[in-house]
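**Q** Give me a 3D structure for the following:
(one chain, ligands or ions: 1)
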Amino acid sequence: MQQIDATQLGGVPIHGGVADFETRLANAFAQIEVEALPLWRQGKVADYIPELGEIDPNQFGMCITTIDGGMHTFGESAKPFSIQSISKLFTLELLVELLGESVWEHIGRSPTNSAFNSLGWLEQEKGKPYNPFVNAGALAVTDRIMNSTAMALHSILQHIRQLAGDQSIQINDRVGDSERATCWRNLSIAYLMKSFGTVTGPVETLLDVYCDQCAIELTCEQLARAGLLFVRGGIDHFGNQVLTPTSTDRINALLATAGMYDGAGEFAFRVGLPAKSGVGGGILAISPGKMAIAAWGPALDATGQSIVGLKALEILASHLELSVFRHQCGV
Ligand code: GLN
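**A** A predicted model of the protein is given here:
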């Protein structure tokens, strides 16, 4: 494993070293408790997937994994939740591993101002998704993984287990079945793309795999560990160079501009980190070269982001001075 100078953790620089980092973290956690946790009342669970609609909205967990392998937790950090669209980050990463940069021939890199599951624009774009994180883009990514490997779902699950360093990670079949029974918009998106040739395989099979990849469950601890790959320039939890530093830099750039969909601008403004959200209430935020942060709270705001998670990340990023837009001139 890489040896990292711990005095640089969490800020540019953290003048007081590790002790100062821990003080800042404790202050952030205290503020999260008072200011972020009560916000669950203003949010709403994702009931368009019936099984997710049953979840208690008043839950919250957080985990921070630092580049040197340290872990800091808050609340229900060991409780598994449905990663939903956070899976899109891992499928994109897998596809870049499989195909390299040719991935970008069929998938765009533009942010959008529309909801993750909107499809009006897709007709004008002749079926080419704006980016890999809107549903159209994620469906195109999974379609390509299915073209490249015989057991796509197994490969996706195995890949996430490997990144998180945990073979016990599973798919929640009830959540997968529940989405499959109601995924009319995603079917429409995939059929429209099929008509343009930007989806090539059978649509129903594609949706089977997509609904199951979204139903994979991780804890904040597993998710933050898996996120280290994007913190460490493509080096995974075990020290293996899985992706090139350029590819991970590029994925982080797309996370910053499109990972939170039409909420990306607000997230950049308030938190300032590359991040991916899911309607299960999870958010994975990446502080390149420093740490990965997983937050989970099932109550969502209008753009489908965890309302408590967003506020908690805002507080944490402010205490640790994590925004990638922060001035670097040392004053
Ligand atoms: N499975 C969900 C869907 O396709 C994922 C959406 C999300 O998490 N933003 O609608």
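**Q** Quickly note the distance from the closest residue to the ligand within the stretch 101-250 of the chain to residue 32.
**A** Of the residues in the stretch 101-250 of the chain, the one nearest the ligand is residue 214, at a distance of 3.6 Å by Cβ to the nearest ligand atom. Where C-beta positions appear, they are placed from N, C-alpha and C, glycine not excepted. As for residue 214, its distance to residue 32 is 27 Å (criterion: Cβ to Cβ, to the nearest Å).
**Q** Comparing those two, which residue is more hemmed in?
**A** With neighbours defined as other Cβ atoms under 10 Å, residue 214 and residue 32 compare such that residue 214 has more, 29 against 23.
**Q** which one is that one nearest to, not counting chain neighbours?
**A** residue 84 (4.7 Å; Cβ to Cβ, 6 or more residues apart in numbering).
**Q** Burial check on the one you found, number of neighbours?
**A** Neighbour number of residue 84 under other Cβ under 10 Å is 25.
**Q** What of residue 156?
**A** So residue 156, with other Cβ under 10 Å, has 25 neighbours.
**Q** about what we covered before: show the contacting residues for the residue of the stretch 101-250 of the chain closest to the ligand.
**A** Shown in contact with residue 214 (Cβ atoms under 8 Å, 6 or more residues apart in numbering): 82-85, 87, 175-176, 179, 278.
**Q** gap between residue 119 and residue 135?
**A** 8 Å.
**Q** any shared contact partners between these two?
**A** Shared contacts of residue 119 and residue 135 (Cβ under 8 Å, 6+ apart): 185, 189.
**Q** Just want to know which of these two has more residues nearby.
**A** A count of neighbours by other Cβ under 10 Å puts residue 135 above the other of residue 119 and residue 135, at 24 against 19.
**Q** Residue 112 is in contact with that one, correct?
**A** No: judged on Cβ atoms under 8 Å, residue 135 makes no contact with residue 112 at a distance of 10.9 Å.
**Q** moving C-terminal of the helix or strand encompassing residue 209, what's the next helix or strand?
**A** Counting by DSSP states H and E, the element that carries residue 209 is helix 203-214. Helices and strands here follow DSSP H and E; after helix 203-214, the next one along the chain is strand 216-218.
**Q** Tell me which other helices or strands the very next helix or strand once past that following strand touches.
**A** Where DSSP H and E defines the elements, the next helix or strand beyond strand 216-218 is helix 220-231. Secondary-structure packing of helix 220-231 (3 or more Cβ pairs under 8 Å, 6 or more residues apart in numbering; DSSP states H and E): strand 61-66, strand 71-75, helix 87-99, helix 152-164, helix 245-258, strand 282-287, strand 291-296.
**Q** May I see the ones you listed arranged in a markdown table, with distance to the ligand as well?
**A** Shown next, in a markdown table, are the helices and strands packed on helix 220-231 (distance: least, Cβ to the nearest ligand atom, whole Å):
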| stretch | distance to the ligand |
| --- | --- |
| strand 61-66 | 17 |
| strand 71-75 | 21 |
| helix 87-99 | 8 |
| helix 152-164 | 14 |
| helix 245-258 | 12 |
| strand 282-287 | 9 |
| strand 291-296 | 13 |
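**Q** Can you convert these into TSV and add a column each for distance to residue 319 and mean pLDDT?
**A** Below are the helices and strands packed on helix 220-231 laid out as TSV (distance: least, Cβ to Cβ, whole Å; pLDDT from 0 to 100):
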stretch	distance to residue 319	mean pLDDT
strand 61-66	12	97
strand 71-75	12	97
helix 87-99	25	97
helix 152-164	26	97
helix 245-258	20	97
strand 282-287	12	98
strand 291-296	12	98
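**Q** Any chance of JSON lines for the contacts of residue 214, columns secondary structure?
**A** Output for the contacts of residue 214, formatted as JSON lines (DSSP: H, G, I helix; E, B strand; the rest coil):
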{"residue": "82", "secondary structure": "strand"}
{"residue": "83", "secondary structure": "coil"}
{"residue": "84", "secondary structure": "helix"}
{"residue": "85", "secondary structure": "helix"}
{"residue": "87", "secondary structure": "helix"}
{"residue": "175", "secondary structure": "helix"}
{"residue": "176", "secondary structure": "helix"}
{"residue": "179", "secondary structure": "helix"}
{"residue": "278", "secondary structure": "coil"}
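**Q** Quick one: distance of stretch 105-114 to the chain centre.
**A** 17 Å (Cα atoms, centre = their mean, to the nearest Å).
**Q** distance between the ends of it?
**A** End-to-end span of stretch 105-114 (Cα to Cα, to the nearest Å): 22 Å.
**Q** Any buried residues in that stretch, and which?
**A** For stretch 105-114, burial by neighbour count (16 or more other Cβ atoms under 10 Å) applies to 106-108, 111-112.
**Q** Lowest pLDDT pick from those residues?
**A** Within these, the minimum per-residue pLDDT falls on residue 106 (85).
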